[in-house]
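Enquirer: Okay, predicted coordinates and the sequence, questions at the end:
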Amino acid sequence: MRALLPKLLFASLLFLLSCGGRDCRSSSDENSVVIIFENCPNNRSTDRLSLGGHRATLFHTLSFMDEDGVFSWYEPKDRGDTISIPTFDGYAEIMHLYQCEEHRYYLLKGGDTVLVKYDADHHPYLVSLVYQDLSYVYNLPYSVPHSIQKEGYHIETILSSFRFKRAYEYFNDKSLRERYPGLDPLCRSIYVNLDSLAVIYDSYKNILLDELDSLRKAGTIEERYYAYFHSRLFREKEYSKNEILHSDSLSRFVSHFIFADMSGSSESLVALFDETEKDTTIVRSARMGILKRVTEWMFHYPQYASVCGDYLERYEMASGDSTTFSLYKRPTLSKEIESTLALQALDGSICSLEEMLSKHKGRLVYIDFWASWCGPCMSLMPDARELHKKYKGRDIDFVFISIDKNEEDWKKAVSLYPDLHSFSYRSINSKAPFLGEMRLNTIPRYMLFDKNGTLLDANAPRPASLPKHPLLTLQ
């Protein structure tokens, strides 16, 4: 298959500014761009994929660079919101997440006020309220023929998405089909012939290039935009350390740097942080952007539970940023609870695992370890709820312990299941010996405790199979 444009990770954003009493429809300050969101949908979760619901936790709806050139991010309010972001060299590049999978890049002109609208399929459409001709230019890559393909995603997204690649590989590898026949309906529903699509992609690029040349000849597109789109379509190498002078270059540099060093694996985050922290050949703004992104990622992988707090402190010391990850900081625990697994209830009260189990003495306790960002966990939650309802009043209780670092994400996910509120907790001391002893580095994970709070099974079956458990007698 031909070389394809890689799916750029990207991320960044600045402090939020409301329009206050001034007119949001105009911005005379060329050092900033005002962005107005109109009924922004939730782009961090979706049911649009045929594979089912999917949640994005490592990306945010809007990403860009703050006034120091360091990445930040923002989640617009669903009924409308207004923010102001800084420009670099007269322009500001933003990335807008589309339905979990897609990263849409826009180069906005300084002094502009941009209205972000959404169609029925949640596609964003940018309208310039200051520069009339720029509305067309902003949306150009997503409006030419062949740009939008299966599931409503852009052609570049499909060619680079591991989900579509996985389906393609499945139907092109007989051994995979024989080993995993159960994947057939899932992969079939999103299958795309990527070799054929690569040919269509070449056509898409040519159409876009012809349109750019036509606009350039007519004098209706700025040279900066022509160069920007041309570079995105035909750049043959990644940005290097000495090419981070403009906002778009810096954004892509950080994205490529992280992606290349991780080599697609989350296991190398610690090494990436350590090496970046010492690498003085990277300008400070890019270095802090990388450390910021890597620190956030650590909080979303269970294998970093024992070290993410230490790396958070190192990031804050290096950057002076003590606010970005404030929600990830755990509460101060008493010495008695510090040594065990500390659990936070929805009302804010804290107890130990042992104290929680004592409340259920005389009853079996089935614990579901999960997280709001874990797709498999969320997909199995309905099965767990059915067990909870089916065996209500019998000698077994179902308890749900989230390992979310972000308290707000945890509460938002739990709010979907009001009947489970009194059985829901969040683990708040990631260094608890219990987590290491149980090797709780993958989720969902289920455990079964007897009526005295003694662990019966550290790897209990999933909810649908629990009634057949040999250590259980459920009438």
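Expert: Looks like it came in fine.
Enquirer: Look up the residues forming beta bridges with Leu108.
Expert: Ala92 (DSSP bridges).
Enquirer: Count the neighbours of it for me.
Expert: Using other C-beta atoms under 10 Å, Leu108 has 25 neighbouring residues. Quick note: C-beta positions are derived from backbone N, CA and C, even for glycine.
Enquirer: residue contacts, it?
Expert: 33, 35, 87, 91-94, 114, 126, 138 (C-beta atoms under 8 Å, 6 or more residues apart in numbering).
Enquirer: one more time with 6 Å, if that's ok
Expert: Leu108 makes contact with 33, 92, 114, according to C-beta atoms under 6 Å, 6 or more residues apart in numbering.
Enquirer: Need the pLDDT of it.
Expert: Leu108 carries a pLDDT score of 94 in this model.
Enquirer: domain parsing for this structure?
Expert: Domain assignment for the chain, taken from automatic domain parsing, gives 32-262, 337-468.
Enquirer: how about these in CSV, adding distance to Met288?
Expert: Listed next are these as CSV, based on distance: least, C-beta to C-beta, whole Å:
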stretch, distance to Met288
domain 32-262, 5
domain 337-468, 21
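Enquirer: For Ala271, find the nearest of those domains.
Expert: Proximity to Ala271 (C-beta to C-beta) singles out domain 32-262 among the domains of the chain, at 8.0 Å.
Enquirer: from the middle of its chain, how far away would that closest one be?
Expert: 14 Å (C-alpha atoms, centre = their mean, to the nearest Å).
Enquirer: After the helix or strand of the chain with the lowest mean pLDDT, which helix or strand is next? Please name it.
Expert: Lowest on mean pLDDT, DSSP states H and E among the helices and strands of the chain sits helix 335-338, with a mean of 42. Downstream of helix 335-338, the first helix or strand assigned by DSSP states H and E is strand 342-345.
Enquirer: Tell me the strands beside that next one, with direction?
Expert: Note on strand 342-345: by DSSP bridges, its sheet partners are strand 350-352 (antiparallel), strand 424-427 (antiparallel).
Enquirer: what comes into contact with that strand?
Expert: 333, 350-351, 356, 425-426, 428-429.
Enquirer: at 7 Å what do you get?
Expert: By C-beta atoms under 7 Å, 6 or more residues apart in numbering, the residues outside strand 342-345 that reach it are 333, 350-353, 356, 401, 425-429, 432.
Enquirer: quick one: the closest residue to Tyr153 other than its chain neighbours and Ser465, what's the gap?
Expert: Sequence neighbours aside, Glu102 is the residue nearest to Tyr153 in space, at 5.4 Å (criterion: C-beta to C-beta, 6 or more residues apart in numbering). Between Glu102 and Ser465 the distance is 36 Å, computed by C-beta to C-beta, to the nearest Å.
Enquirer: More neighbours: which of these two?
Expert: Taking neighbours as other C-beta under 10 Å, Glu102 and Ser465 compare with Glu102 leading, 23 against 11.
Enquirer: now the more buried one, which residues is it bridged with?
Expert: Applying DSSP bridges, one finds that Glu102 bridges with Tyr98.
Enquirer: of the contacts of strand 342-345, buried ones?
Expert: Neighbour-count burial (16 or more other C-beta atoms under 10 Å) applied to these gives 333, 350-353, 356, 401, 425-429, 432.
Enquirer: With pLDDT and distance to Asp81 as new columns, can these be given to me in TSV?
Expert: TSV is the format used below for the buried ones among the contacts of strand 342-345 (pLDDT from 0 to 100; distance: C-beta to C-beta, whole Å):
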residue	pLDDT	distance to Asp81
Leu333	40	36
Ile350	86	34
Cys351	85	37
Ser352	85	40
Leu353	87	40
Met356	89	39
Ile401	91	33
Tyr425	92	32
Arg426	89	28
Ser427	87	32
Ile428	83	30
Asn429	76	35
Ala432	74	38
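Enquirer: So, low pLDDT: which residues of this protein?
Expert: Of all residues in the chain, those with pLDDT under 70 make up the ranges 1-28, 45-59, 68-71, 78-79, 235-267, 300-302, 305, 326-340, 430-431, 469-475.
Enquirer: that older thread, among the buried ones among the contacts of strand 342-345, which one sits closest to Tyr98?
Expert: When the buried ones among the contacts of strand 342-345 are compared against Tyr98 (criterion: C-beta to C-beta), the nearest one is Arg426, at 29.9 Å.
Enquirer: So which residues of the stretch 251-400 of the chain form strands?
Expert: Using DSSP state E, counting those that start in this stretch, the strands of the stretch 251-400 of the chain run over 342-345, 350-352, 364-370, 396-402.
Enquirer: Nearest to Asn452, out of those?
Expert: Using C-beta to C-beta, these put strand 364-370 closest to Asn452, at 10.2 Å.
Enquirer: And the furthest pair within the buried ones among the contacts of strand 342-345?
Expert: Pairwise across the buried ones among the contacts of strand 342-345, and taking C-beta to C-beta, the largest span is found between Leu333 and Ile401, at 16.0 Å.
Enquirer: hmm, back to that, between the strands of the stretch 251-400 of the chain, which gets nearest to Arg293?
Expert: Of all the strands of the stretch 251-400 of the chain, strand 396-402 comes closest under C-beta to C-beta, at 23.2 Å.
Enquirer: The closest one: which residues count as buried?
Expert: Within strand 396-402, judged by 16+ other C-beta under 10 Å, the buried ones are 396-402.
Enquirer: Pick the one among those closest to Phe162.
Expert: Nearest to Phe162, judged by C-beta to C-beta, of those is Ser402 at 25.8 Å.
Enquirer: residue contacts, that closest one?
Expert: Contacts of Ser402 (C-beta under 7 Å, 6+ apart): 370-372, 410, 426-427.
Enquirer: got it, and Lys174?
Expert: So Lys174 contacts nothing (C-beta under 7 Å, 6+ apart).
Enquirer: can you list the contacts of Ser402 in JSON lines and add distance to Arg44?
Expert: JSON lines is the format used below for these (distance: C-beta to C-beta, whole Å):
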{"residue": "Trp370", "distance to Arg44": "17"}
{"residue": "Ala371", "distance to Arg44": "14"}
{"residue": "Ser372", "distance to Arg44": "10"}
{"residue": "Trp410", "distance to Arg44": "15"}
{"residue": "Arg426", "distance to Arg44": "19"}
{"residue": "Ser427", "distance to Arg44": "22"}
